[in-house]
Structures are given as structure tokens and as C-alpha cells.
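[1] my questions concern the predicted model and sequence given below.
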Amino acid sequence: MMIRQEQISAIIVSQQESFLNKRADLPREALPYIPIVDGYATIITGIRRCGKSTMLLQLLKKKYKNALYVNFEDIRLAGFEVSDFNRLKEAIDQQGTRVLFFDEIQLTEKWEIFVHHLLREAYTVFITGSNASLLSKELGTHLTGRHLSKELFPFSFNEYARFKKLNTDKQALLSYLNDGGLPEYVKHREPLILQQLLEDILVSDIAVRHGIRDTGSLKQLTVYLISNVGSPVSANKLVDMFGIRSSATILEYFNYLTDAYLIEFLPQFSYSLKAQSRNPKKVYTIDNGFLSTVATSFTENLGRKLENLIYQQLRRNYQELYFFSEKGECDFIVFVKGRIHQAIQVCYQINDLNFDREYRGLLQALQFFQIKEGFMITWDQKDVFQEKDYTIHMVPAYEYLMLSGK
């Protein structure tokens, strides 16, 4: 059903009022890094409810006197069609602004053509979205070379501590380890918030969008993956486990979960791309709150929670991450522009039983990649080990997280 001009104009005015009245107290660390270039659309992606529209409001207050905000998830725009973009353009012109914020515009067809048209008319356009591939697929057609991207993640440790007005110490880290960083959950600590978010992602963003009828199997698989962070997983080994009889279907589900920024898979390093794709990958989730509210039998597994937290911090700052496994194993290998940058081992508490395994795994990675320094991140232990030309720094997690964020 077509939306009339007066309806679109009224919806925009209503949305604008709600948007400008939102609280945006905590400036996000990513705010200074939002890429803004004339003639380019700026794309901000991230998991639902991580604060993308709030960061747009912060950007507006910092940089622009006036901007127009349109949320395409508004139920009043449920019947939005391609022809309605003409009415939307008319409503934009009525507002007299040249800066546009579009939330989840990829839910509408031909949106990229409309955005391309706006860029040609010298509008400044910001787009937020919670699905990586939906945006990239359309961006690869009409907006090739005309867009710049930035990912937003849930609160970092520093942001969490500022939001909760805590010192960045071990006690704050323990809370963060369990709460995660999704703003609404951090504020209210109501488990139903995260459970409903997970339901929205799995049903609305994945099952409905991709025509999955067996949502029960998708949910069981997701809970299994969240409950096994830090462990290697293989689609072939999960066949028949949740009534999913094809490894190809499981791999599709993996991709959907990754596109929604819910689950991520860390590859094992290999110089052979074929071996890299064939080897099992380690699974992580983008927010620790899911480990506390969704995962099964995970309450006291502080080691896995800490490892997941360090993965999230590395993911905020780096694009190319691996784990290393030869004779020993190292949790995280970081590359920057194709060159080795860091090797990191995570162990909640080092003791006589695990020291040799953790130390040797990290040392073997340093020797393999020929880098001189590595980091062993623990809960609160601190030390330095020297072996020939190699130095290993044992660092408390709260210190590492304080110094490594942006």
C-alpha cells in the first residue's frame, strides 16, 4: 500500500523529534574515527543495539548544526516501496538539510540507487545497518568506490567503566566480563533484553530473510556455538547434531550468524589458503553478555569468558586475526597490512600445571613468525620472561584492555 506524501513527512518529523531527544551521554571511542569524505556515503555496521544511531546523534551534535534522521525499521514505513523514495526526497527538501542519517535503509529495495542519486546532488549521507552482507552486496553495484565503512562494536572495557562510573580495575573487569557491553543490557541488567535481542536476530534478521523454516535447529546451533567460545568447530562434525543433515546448510547458518555480527569464526593460520579454509575454526561471540544469559553451563568458566573478551578487543582494532597451532598452540596472531604484528596467549590463571603449555605455545609462535615479543594475558598476574632473543610479557587483562583500546 502506497504511503502518502503527508504521511512520510509526518513520520519524519516524529522520528526526528524522538531522535533528538535521545540521551547520548557517553561519546563512543569510535566517534573520531568515522570516515567522512565529500561525495562518499559513510556506512556504519554492527550488531543490533550496539549504539549505532546513538553515535550518529553524537556525530550530529559534534559536527553538524542540522541533520535529518530516518529509521526504516519504523513500522509506519512497513509498506515503503521504490516509488516512495520520490516522496521521501520531497520530505527531505522540505526540511532543508543537506546531512542525512539513514538507519537500516537496506531493508528497502533499490536503496543504493537513491543514495547514489543523493551523493550526486552533494548530500552528506550516513547509513547504519546490522547486516554486513546485505549492505556489501548492494554497495558493490551502484556505490562502488563511493562509500567508506566503519564497524561499531559493543562497549569496550574503558567505555563500560565510564558508563558505569567505575575505576578501570579488576573489580570493574569482573563486571564487564559477565555483563558484556551492549548498552541497554549494561544499563538495566535484565537478561530478557539479550534473550529478546537474540530472538530478533535469529528470527527476523536470519530466518525470515533467508527463508529458514526450521528455526528451532538454528536456535539450538547458535546456543551451542555461544556455549563453546574458544573451541574449534567444524560444520562436518556438527551434521545431524541439531537435525541439520547437510554441512553446506550449517556453513550457510555460520555465514548468516557472522553477517549479523553475532558469532565469528577465527581461522587457524596457514600459508596455504586451502588448508586455512579446510581446518576447523575457533568460535567466538561479539558480546560476553550472551555467555551469561544464553549459554548453557557457562556461569563460572572465567577462562573462556576472558579469552572471548580479548578476542573482542582485538577484533575492534584489527582486521586480520588467526590462531596458531603447530606443536603448541597460541590463541591469537595479529597481522597488519599482511605483516605479523602481535602474538597473544590468554590464560585466566597461570599455575604449575599449565605454565609450560601456555609459555611454550606462545614461544613457538614467536619463533615461527620471527617476532621478538609476545604477550601472555592473565587475570591479575604480572611477569617478564626472557629466552634468548625472545621476551614474553605477562600482563593483567585490565591493564591490557586499558592500553589497547580505541
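    Looks like it came in fine.

[2] now Gly180. Nearest residue, chain neighbours left out?
    Nearest in space to Gly180, with sequence neighbours left out and distances taken as C-beta to C-beta, 6 or more residues apart in numbering, is Gly289 at 3.1 Å. Yep, even glycine has a C-beta here, placed from its N, CA and C like the rest.

[3] what does Leu60 give?
    With sequence-adjacent residues excluded and distances taken as C-beta to C-beta, 6+ apart, Leu60 is closest to Ala67, at 4.7 Å.

[4] ok, now which ones touch the one you found?
    Ala67 makes contact with 60, 97, 99-101, according to C-beta atoms under 8 Å, 6 or more residues apart in numbering.

[5] top of these by number of neighbours, please.
    Across those, the neighbour count under other C-beta atoms under 10 Å reaches its highest value at Phe101, namely 27 neighbours.

[6] what's the distance between the residue nearest to Leu60 and Val37?
    Separation of Ala67 from Val37 (C-beta to C-beta, to the nearest Å) stands at 17 Å.

[7] helix/strand/coil for Val208?
    Local secondary structure at Val208 is given as helix here, using DSSP: H, G, I helix; E, B strand; the rest coil.

[8] surely Ile12 is within a helix?
    Yes - the assignment for Ile12 (three-state DSSP) places it in a helix.

[9] check what pLDDT it gets.
    At Ile12 the predicted local distance difference test score is 95.

[10] which SS class is the closest residue to it other than its chain neighbours?
    The shortest distance from Ile12 to any residue that is not its chain neighbour, by C-beta to C-beta, 6+ apart, is 5.1 Å, and that residue is Ala91. What three-state DSSP gives for Ala91 is helix.

[11] how many residues are close by Ala91?
    By other C-beta under 10 Å, the residues close to Ala91 number 21.

[12] please renumber the chain so that the first residue is 61 from this point on.
    Noted, 61 is the first residue going forward, which turns the last one into Ala151.

[13] contacting residues for it?
    Applying C-beta under 8 Å, 6+ apart to Ala151 gives the contacts 65, 68-69, 72.

[14] next step: those residues restricted to helices.
    Within the contacts of Ala151, residues falling in helices by DSSP state H are 65, 68-69, 72.

[15] which residues touch stretch 336-345?
    Residues external to stretch 336-345 that are found in contact with it (C-beta under 8 Å, 6+ apart): 285-286, 288-294, 297, 322-330, 351, 368, 371-372, 375, 383.

[16] mind running it again at 7 Å?
    Defining contact as C-beta atoms under 7 Å, 6 or more residues apart in numbering, one finds that stretch 336-345 is touched by 285-286, 288-294, 322-328, 330, 351, 368, 371, 383.

[17] extract the CA atoms of it and return them as CSV.
    The C-alpha atoms that make up stretch 336-345 are tabulated as CSV, following Å, rounded to 0.1, in the frame of the first residue of the first chain:
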residue,chain,number,x,y,z
GLN,A,336,43.2,-22.5,6.1
SER,A,337,39.7,-22.9,4.7
ARG,A,338,39.7,-26.7,5.5
ASN,A,339,40.9,-26.6,9.1
PRO,A,340,38.4,-26.2,11.9
LYS,A,341,37.9,-22.6,13.1
LYS,A,342,37.5,-21.3,16.6
VAL,A,343,34.2,-19.8,17.6
TYR,A,344,33.7,-16.5,19.4
THR,A,345,30.7,-14.3,20.2
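
[18] for it, the distance to its chain's centre please.
    Between the centre of stretch 336-345 and the centre of its host chain there is 17 Å, according to C-alpha atoms, centre = their mean, to the nearest Å.

[19] pull out the buried positions in it.
    When burial is assessed from 16 or more other C-beta atoms under 10 Å, stretch 336-345 yields the following buried residues: 339-345.

[20] what segments of the stretch 111-260 of the chain are helices?
    Read by DSSP state H, counting those that start in this stretch, the stretch 111-260 of the chain holds these helices, from start to end of the chain: 112-123, 144-155, 171-180, 192-199, 217-224, 230-239, 243-248, 251-259.

[21] only alpha carbons, please: show stretch 365-384 as CSV.
    Extracted in CSV, the C-alpha atoms of stretch 365-384 (Å, rounded to 0.1, in the frame of the first residue of the first chain):
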residue,chain,number,x,y,z
LYS,A,365,35.0,-15.6,29.1
LEU,A,366,38.4,-13.8,29.3
GLU,A,367,39.5,-15.3,26.0
ASN,A,368,36.3,-14.2,24.4
LEU,A,369,36.8,-10.7,25.8
ILE,A,370,40.4,-10.4,24.4
TYR,A,371,39.1,-11.6,21.0
GLN,A,372,36.6,-8.8,21.0
GLN,A,373,39.2,-6.2,21.8
LEU,A,374,41.5,-7.5,19.1
ARG,A,375,38.5,-7.5,16.6
ARG,A,376,37.8,-3.9,17.4
ASN,A,377,41.3,-2.9,16.4
TYR,A,378,42.5,-5.3,13.8
GLN,A,379,41.1,-7.0,10.6
GLU,A,380,43.4,-9.9,10.2
LEU,A,381,43.3,-12.4,13.1
TYR,A,382,44.3,-16.1,13.4
PHE,A,383,45.1,-18.7,16.0
PHE,A,384,48.3,-20.7,15.7
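
[22] which positions in that stretch come out as buried?
    Within stretch 365-384, the residues that qualify as buried are 365-376, 381-384, counting by 16+ other C-beta under 10 Å.

[23] and the contacts of the helix or strand hosting Leu278?
    For Leu278, the element it lies in under DSSP states H and E is helix 275-286. With C-beta under 7 Å, 6+ apart as the test, helix 275-286 has contacts from 262-263, 266-267, 272, 293, 302-304, 313, 317, 323, 343, 345, 350-351, 354-356.

[24] contacts only, for Asn348.
    Contact partners of Asn348, counting by C-beta under 7 Å, 6+ apart, are 237-238, 240, 365, 368-369.

[25] same deal with Thr356?
    Thr356 makes contact with 283, 287, according to C-beta under 7 Å, 6+ apart.
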